[in-house]
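Engineer: below is the sequence, then the predicted model.
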Amino acid sequence: MLTIRPATLEDLGAITEIYNEAILKTVATFDTEPKTLEEQEVWFTNHVPRYPILVVEWDGLIVGWASLSIWSDRCAYSDTAEISLYVKEEHRGKGIGRKLLEAIIQEGQKTGLHTVIARIAEGNEASIRLFASVGFTHIGIMKEVGRKFGKLLDVYLMQKIYNDD
Ligand SMILES: CC(C)(COP(=O)(O)OP(=O)(O)OC[C@H]1O[C@@H](n2cnc3c(N)ncnc32)[C@H](O)[C@@H]1OP(=O)(O)O)[C@@H](O)C(=O)NCCC(=O)NCCS
């Protein structure tokens with residue numbers, strides 16, 4: 001049984017484990033070193049309540065998380081957020097990511113955000129298709145802005161504006 005709910009501090013270990021797996025194995029994040037729980041506590045504290053974090057449980061086990069983060073600390077950007085979405089490797093491809101993505105978009109609307117931005121590394125075609133299918137449009141490419149696993153990477157920018165629907 002699948003449950004999507006707001007994250008609590010008790011979930012931070014599971015969230016961090018999923019994120020660290022992505023840091024070490026994928027270009028989905030441009031972090032390169034695993035995060036400590038202390039660093040994650042700062043990240044968590046900066047989110048609530050305007051910028052939500054959701055977790056998804058599958059039979060009581062946390063198998064993914066999603067968040068909306070402050071895009072910039074300059075105040076005029078306060079209605080803009082950046083999205084993060086991660087599903088544990090062995091649970092991908094079962095529809096969990098799509099449900100979580102739909103849920104975090106709804107949360108952003110509830111908290112009064114105007115727009116959400118996704119930065120997706122080149123080659124992550126599954127994510128580009130997934131985000132497009134929930135109303136994100138392509139707004140540009142930042143060329144060769146990251147280097148991970150010895151390769152220079154472009155970043156594909158996508159955006160959803162809530163009242164465009
Ligand atoms: C991106 C991610 C969250 C998707 O989660 P998921 O649970 O595997 O996704 P779903 O099973 O809900 O599938 C969503 C869509 O992506 C497609 N998809 C998923 N995995 C795919 C793959 N490996 N290749 C091609 N398409 C894929 C599915 O076909 C599906 O489309 P559909 O609903 O029209 O069939 C997950 O792969 C992940 O955590 N990846 C690493 C982190 C990441 O890339 N995050 C996104 C950038 S912020």
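Structural biologist: Yes, it's here.
Engineer: which residue does the chain have closest to the ligand?
Structural biologist: For the chain, the residue closest to the ligand is G97, as judged by CB to the nearest ligand atom, at 2.1 Å. Bear in mind the C-beta positions are built from the backbone N, C-alpha and C, glycine included.
Engineer: give me the number of residues near that residue?
Structural biologist: G97: 20 surrounding residues under other CB atoms under 10 Å.
Engineer: tell me the contacts of it?
Structural biologist: Residues in contact with G97 (CB atoms under 8 Å, 6 or more residues apart in numbering) are G64, L85, V87, L130.
Engineer: name the helix or strand for it, please.
Structural biologist: Per DSSP states H and E, G97 falls inside helix 96-110.
Engineer: I'd like the next helix or strand past that helix.
Structural biologist: strand 115-121.
Engineer: partner strands of that next one, with direction?
Structural biologist: If you go by DSSP bridges, strand 115-121 pairs up with strand 80-87 (parallel), strand 151-161 (antiparallel).
Engineer: tell me the angle it makes with helix 96-110.
Structural biologist: Relative orientation of strand 115-121 versus helix 96-110 (axes from the mean of the first three to the mean of the last three CA atoms, to 10 degrees): 150 degrees.
Engineer: any chance of the backbone angles for R129?
Structural biologist: Phi and psi for R129, reported as degrees, to the nearest 10, are phi -70, psi -40.
Engineer: likewise for Y51?
Structural biologist: Torsion angles at Y51 (phi, psi; degrees, to the nearest 10) stand at phi -110, psi 100.
Engineer: residues touching the most centrally placed residue in the chain, list them.
Structural biologist: Closest residue to the average C-alpha location of the chain: S84 at 0.8 Å, with CA atoms, centre = their mean. By CB under 8 Å, 6+ apart, S84 lies in contact with T29, W65, A66, S67, S69.
Engineer: switch the cut-off to 10 Å
Structural biologist: By CB atoms under 10 Å, 6 or more residues apart in numbering, S84 lies in contact with 19, 22, 28-29, 53, 65-69, 104, 118-119.
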